[in-house]
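Enquirer: only the shape, not the letters, is given here:
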């Protein structure tokens with residue numbers, strides 16, 4: 001009886017996490033559009049990108065409110081549950097190292113930096129990745145792990161399937177249509193693993209933002225698939241992130257950083 005009740009509670013919690021995700025990912029943009037938030041912002045002199053900023057800000061606030069509400073947590077504890085605080089400097093450094101490796105690998109190919117408008121660059125390559133990491137890794141993955149108590153691979157798979165589903169239809173041909181969601185799913189699993197190892201969304205956030213900025217600045221492809229040089233550089237960067245994380249979060253390293261008090 002106790003085992004059946006535990007499973008029922010776990011299923012309810014998983015459904016609640018997925019339900020909140022669906023409400024935010026699907027309902028919030030539709031709701032802001034229905035309220036004519038874009039035209040309303042334009043009346044006050046805001047540019048077309050302001051809608052994306054409003055979407056991110058309102059989504060983040062609703063997400064924090066939702067976690068605080070259904071788990072009865074304070075704001076700081078909620079941010080900790082989402083992996084936003086504390087900001088782990090070594091985790092940030094691991095993300096920066098990964099992006100630096102990607103830049104170094106691309107420099108060998110002789111790629112040149114292309115100029116872009118600041119607005120679209122910030123929206124597409126900064127605002128969206130930040131919102132993705134807070135929603136998919138900070139909320140969906142971490143709440144499935146910490147609240148619904150799913151095993152890592154179950155939580156990572158479900159979170160990454162939801163993440164990859166948003167990439168369907170990006171490719172220009174049928175093969176790309178399938179490969180792009182698959183690549184997004186793989187990236188989602190990697191970001192979940194980084195979040196788990198560091199107990200923070202910051203390494204995944206830095207890498208996601210950095211990769212997207214590099215992709216846009218060097219114009220590596222029209223979609224997530226990219227070409228051979230871009231993917232080799234991306235693989236090198238992923239390897240650097242994995243190696244840095246394994247070294248920095250090894251059991252011996254954790255023991256050295258958190259010594260046990262003398263009896």
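Expert: In hand now; what should we look at? Treat the numbers as computed from the prediction; the structure is a model and nothing was measured. Residues are numbered from 1 along each chain as shown.
Enquirer: output the below-cut-off pLDDT ranges for the stretch 1-150 of the chain.
Expert: 48, 109-125 (pLDDT under 70).
Enquirer: now do the host helix or strand of residue 243: which elements does it pack against?
Expert: Residue 243 belongs to helix 228-248 when assigned by DSSP states H and E. Judged by 3 or more Cβ pairs under 8 Å, 6 or more residues apart in numbering; DSSP states H and E, the packing partners of helix 228-248 are helix 89-108, helix 174-198, helix 202-217. Just so you know, the C-beta spots here come from the backbone N, C-alpha and C atoms, and that holds for glycine as well.
Enquirer: list the buried residues of that helix.
Expert: 229-230, 232-234, 236-238, 240-242, 244-245, 248 (16 or more other Cβ atoms under 10 Å).
Enquirer: nearest to residue 21, of the helices and strands packed on helix 228-248?
Expert: helix 174-198 (13.2 Å; Cβ to Cβ).
Enquirer: and the helix holding residue 243, how far from the chain's centre?
Expert: In this view, helix 228-248 has its centroid 17 Å away from the chain centroid, taken as Cα atoms, centre = their mean, to the nearest Å.
Enquirer: what's the average pLDDT for it?
Expert: For helix 228-248, the mean per-residue pLDDT is 90.
Enquirer: cool, and stretch 190-197?
Expert: 97.
Enquirer: winner for burial among the helices and strands packed on helix 228-248?
Expert: Neighbour counts (mean count of other Cβ atoms under 10 Å) averaged over each of these peak at helix 202-217, with a mean of 22.
Enquirer: that helix - contacts with which helices or strands?
Expert: Contacts defined by 3+ Cβ pairs under 8 Å, 6+ apart place helix 202-217 against helix 89-108, helix 118-122, helix 128-132, helix 174-198, helix 228-248.
Enquirer: reformat those helices as JSON lines; add distance to residue 45.
Expert: What follows is those, written out as JSON lines (distance: least, Cβ to Cβ, whole Å):
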{"stretch": "helix 89-108", "distance to residue 45": "35"}
{"stretch": "helix 118-122", "distance to residue 45": "14"}
{"stretch": "helix 128-132", "distance to residue 45": "23"}
{"stretch": "helix 174-198", "distance to residue 45": "36"}
{"stretch": "helix 228-248", "distance to residue 45": "38"}
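Enquirer: figure out which of the ones you listed is closest to residue 72.
Expert: Using Cβ to Cβ, those put helix 174-198 closest to residue 72, at 23.5 Å.
Enquirer: and the angle from the closest one to helix 202-217?
Expert: Helix 174-198 runs at 150 degrees relative to helix 202-217, counting by axes from the mean of the first three to the mean of the last three Cα atoms, to 10 degrees.
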